[in-house]
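Enquirer: Structure of the sequence below:
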Amino acid sequence: MRKKITPFALLIMAVFQLNAQEVTQQLDSVTLTGTRIDLPFKENSRTINIITSDAIKKSAAVNLADLLQQVAGVDIRRRGTGGSQADLYIRGGGFDQTLLLIDGIKMDDVQTGHHSMNAALPIEVIERIEIIKGPAARVFGQNAFNGAINIVTKKNLKNSTSATIETGSFGQLNGNVTAGVDLENSSHIVHVGRVTSEGYRINTDYDNANYYLKSTFNKNAQAIEMTATFLERKFGAQNFYTTNPTFNEYEETQNSLIAFGTTFRTEKFKIQPRVYWKRNQDIFLLRRDEPDFYRNMHISDKIGAETNASYTSELGVTGFGIDLSKIYLRSNNLGDRNRFMANAFLEHRFSLLDNKLDITPGVALTYFSDFKFHAFPGLDVGYDITNNFKVYGNIGYTYRVPTYTDLYYNDPVTTGNEDLEPEEAFAQELGLKYISPKLTASIAVFNRDADNLIDYVRTSVTEDVFTAQNITEVNTKGLEFDAAYNFNMSNYKQTLAFGYSYLDDNISDQNEELSRYSLNTLKHQYITRLSTQLFKNVSQNIVYKYAERTTGQTYNVWDTSIAFRFNQAEFTVTASNIFDADYIESGFTPMPPSNVLFGLRYTFK
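Expert: Residues are numbered from 1 along each chain as shown. Just a heads-up that it's a prediction; the model follows:
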């Protein structure tokens, strides 16, 4: 039976509305770094969600994919658990249309957007997450078609070490160590972790490893930051990509990053140069016990250099930058490919009427060696009605070139298309946000008119092969509510949060039996989170998630956690899917039944 969201529920959401954030004082102190012009959260004229480090601790999430599922308008479609494989969507669209960044470094993959979440960092090293909704191509380039997520990592742990061990259902056994050291002229953060499970059904076991290093050198003068990551996933992929029960699918991925950057500042100038190298390696076996039956191997490398800058004058703030990168792909299926990309960005923020009105026009120019030049103009406008109320709107063009999988992939049920055209869209948004010490709230309506969206389709239900095609026209309309209410009880801080998003895709000449991706968006998404603390050393968190997809599938999922703190030790119990919902997020693999995870963390000071 399909469940509907009642008018009463909508009224409640309109009054409170979710934001997965913490108290307003914390948000006011946050300066957004995932934008060309650094701005306090309150002054930005876009729809942006901030997940703070405190909110991460209270979320009951054990990895980034689980955490992002608690934000309305963000659709994380997992295959299996443990953060092994997940696709990332913002406001519908496709998994290639949302960009993931780490400290502003673009983690896009030329092979496929399926690999975006391979770069997901362990939550122990994340300071906050900035979620920019709507077209962000003029800021980040072509992969930010529907939005972008910037992971901001911790800067310093001040000579502390924490060790965590977890065990639970399905043979889960996890462990990690996170250490920070602050020296006279340098500081360092190191994280080493491993996440394993025997699997909740046949061939869904995993063995994942995370290695992370962040160092700041010469910190008393011209500081230089270095970031290095190595993230490895090894997992059984039963029915992740096919319904054939005789296939015993298996996959391994490795994602690496090393980056160096610095910041030059004067009274009016800020310049941030950076160089980086990123690699993703993917091995897929259709039959785990027969490696020679069908095997795909892809290795992609990206070498990049970029400079972002801003200049403050009497006319406002100007942001500009350039990003150059060279991409190489070696693949037994897609062939050996390479692509050169160049991006240039320019925007200016005008502040008028005693700084109540802000107007920010901007444009990005992008060049691809295998596609033509393209421009993405856009405009943001905001007006402060009061110190707490802000109305804002933005319009912009956005664009995405096909991945190499879209162009060249070939297997018995999937075929690429070398004649694909780039995706294009024109998007508009109007929103209102309210920020006060107890309540943060926002509402936004948006429209996106897209041409040439890429989907994998077949001509009839008897056809086995899905072929990459450009869909002629797609119109997407949507609505989002977000809010969090903070209050005190027994002298402890409590947070009640709500979130709702609605999407309506108008796709010509498509149906769910012929389309692989386009018709599986979240039509209705409702999220509630209650974080409470009634005793000094005990805190609780409960999350409710409701989803209705355009295919008609609906599901309700409840997660909860409780934490007991004793001096430097913390004991946690996390229960997921506590009412045993039966549902699929992506592919053909049901998500796990109710399960529990016990954890113990000790911090050495």
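Enquirer: in stretch 523-534, what counts as buried?
Expert: Lys523, His524, Gln525, Tyr526, Ile527, Thr528, Arg529, Leu530, Ser531, Thr532, Gln533 (16 or more other CB atoms under 10 Å). C-beta coordinates here come from the backbone N, C-alpha and C atoms, glycine included.
Enquirer: With secondary structure, pLDDT and distance to Arg194 as extra columns, can I get these in CSV?
Expert: Formatted as CSV, the buried residues of stretch 523-534 follow (DSSP: H, G, I helix; E, B strand; the rest coil; pLDDT from 0 to 100; distance: CB to CB, whole Å):
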residue, secondary structure, pLDDT, distance to Arg194
Lys523, strand, 94, 38
His524, strand, 97, 37
Gln525, strand, 97, 32
Tyr526, strand, 97, 35
Ile527, strand, 97, 30
Thr528, strand, 96, 33
Arg529, strand, 94, 29
Leu530, strand, 95, 32
Ser531, strand, 94, 28
Thr532, strand, 94, 32
Gln533, strand, 91, 31
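Enquirer: Quickly list what Glu473 is bridged to.
Expert: Counting by DSSP bridges, Glu473 is bridged to Asp451.
Enquirer: just Ala86 next, same as before
Expert: Arg78.
Enquirer: neighbours around it, how many?
Expert: 25 (other CB atoms under 10 Å).
Enquirer: State the distance from it to His374.
Expert: 29 Å (CB to CB, to the nearest Å).
Enquirer: do you know how far Ser187 is from Ile126?
Expert: 17 Å.
Enquirer: can you check Phe481 too?
Expert: According to CB to CB, Phe481 stands 25 Å off from Ile126.
Enquirer: which residues sit against stretch 546-561?
Expert: 2-3, 5, 60, 66, 503, 505, 512, 519-527, 540-545, 572-579, 581-584 (CB atoms under 8 Å, 6 or more residues apart in numbering).
Enquirer: quick one on the thing from earlier: between Phe481 and Ile126, which is the more surrounded one?
Expert: Using other CB under 10 Å as the criterion, Phe481 and Ile126 rank with Phe481 on top: 25 against 20.
Enquirer: so that one sits right up against Tyr500, yeah?
Expert: Yes - using CB atoms under 8 Å, Phe481 is in contact with Tyr500, at 4.5 Å.
Enquirer: And for the residue nearest to Tyr200 when sequence neighbours are not counted, the neighbour number?
Expert: Nearest residue to Tyr200, sequence neighbours excluded (CB to CB, 6 or more residues apart in numbering): Pro592, at 3.9 Å. The criterion is other CB under 10 Å. On that basis, Pro592 has 19 neighbouring residues.
Enquirer: and Pro592, that one's in a strand?
Expert: No - Pro592 sits outside any strand when classified using DSSP: H, G, I helix; E, B strand; the rest coil, being coil.
Enquirer: Quick check: it vs Asn239, distance?
Expert: To Asn239, Pro592 is 14 Å away according to CB to CB.
Enquirer: distance between the ends of stretch 238-253?
Expert: Distance between the two ends of stretch 238-253: 16 Å, counting by CA to CA, to the nearest Å.
Enquirer: Could I get the buried residue list for that stretch?
Expert: Gln238, Asn239, Phe240, Tyr241, Thr242, Phe247, Asn248, Glu249, Tyr250, Glu251, Glu252, Thr253.
Enquirer: now it, how far from the chain's geometric center?
Expert: 25 Å (CA atoms, centre = their mean, to the nearest Å).
Enquirer: Could you report the pLDDT at the most centrally placed residue in the chain?
Expert: Nearest to the geometric centre of the chain sits Ile149, at 4.5 Å (CA atoms, centre = their mean). What the model reports as pLDDT for Ile149 is 94.
Enquirer: That one: what's it in contact with?
Expert: Taking CB under 8 Å, 6+ apart, we find Ile149 in contact with Leu68, Val74, Leu88, Ile90, Thr98, Leu99, Leu100, Leu101, Ile129, Glu130, Ile131, Ile132.
Enquirer: In JSON lines, list these along with distance to Val363 and secondary structure.
Expert: Shown next, in JSON lines, are those (distance: CB to CB, whole Å; DSSP: H, G, I helix; E, B strand; the rest coil):
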{"residue": "Leu68", "distance to Val363": "30", "secondary structure": "helix"}
{"residue": "Val74", "distance to Val363": "27", "secondary structure": "strand"}
{"residue": "Leu88", "distance to Val363": "26", "secondary structure": "strand"}
{"residue": "Ile90", "distance to Val363": "22", "secondary structure": "strand"}
{"residue": "Thr98", "distance to Val363": "22", "secondary structure": "strand"}
{"residue": "Leu99", "distance to Val363": "18", "secondary structure": "strand"}
{"residue": "Leu100", "distance to Val363": "24", "secondary structure": "strand"}
{"residue": "Leu101", "distance to Val363": "20", "secondary structure": "strand"}
{"residue": "Ile129", "distance to Val363": "27", "secondary structure": "strand"}
{"residue": "Glu130", "distance to Val363": "22", "secondary structure": "strand"}
{"residue": "Ile131", "distance to Val363": "23", "secondary structure": "strand"}
{"residue": "Ile132", "distance to Val363": "17", "secondary structure": "strand"}
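Enquirer: Extract the residue ranges of the stretch 351-500 of the chain that are flagged as low pLDDT.
Expert: For the stretch 351-500 of the chain, not a single residue meets the criterion pLDDT under 70.
Enquirer: now the strands: where do they sit in it?
Expert: For the stretch 351-500 of the chain, the strands defined by DSSP state E, counting those that start in this stretch cover 357-368, 371-384, 389-400, 410-411, 414-415, 423-435, 439-457, 466-489, 492-507.
Enquirer: Taking their axis directions, the last one and strand 439-457 sit at what angle?
Expert: Right, the one you point to is strand 492-507. If you take axes from the mean of the first three to the mean of the last three CA atoms, to 10 degrees, strand 492-507 sits at 30 degrees to strand 439-457.
Enquirer: quick check: angle from strand 492-507 to strand 466-489?
Expert: Using the same axes, to 10 degrees: strand 492-507 against strand 466-489 is 160 degrees.
Enquirer: List the neighbouring strands of strand 492-507 plus their orientation.
Expert: Counting by DSSP bridges, strand 492-507 is paired with strand 466-489 (antiparallel), strand 522-535 (antiparallel).
Enquirer: residues of the longest one that come out buried?
Expert: In this case it means strand 466-489. 466, 468-471, 474, 476, 478, 480-486.
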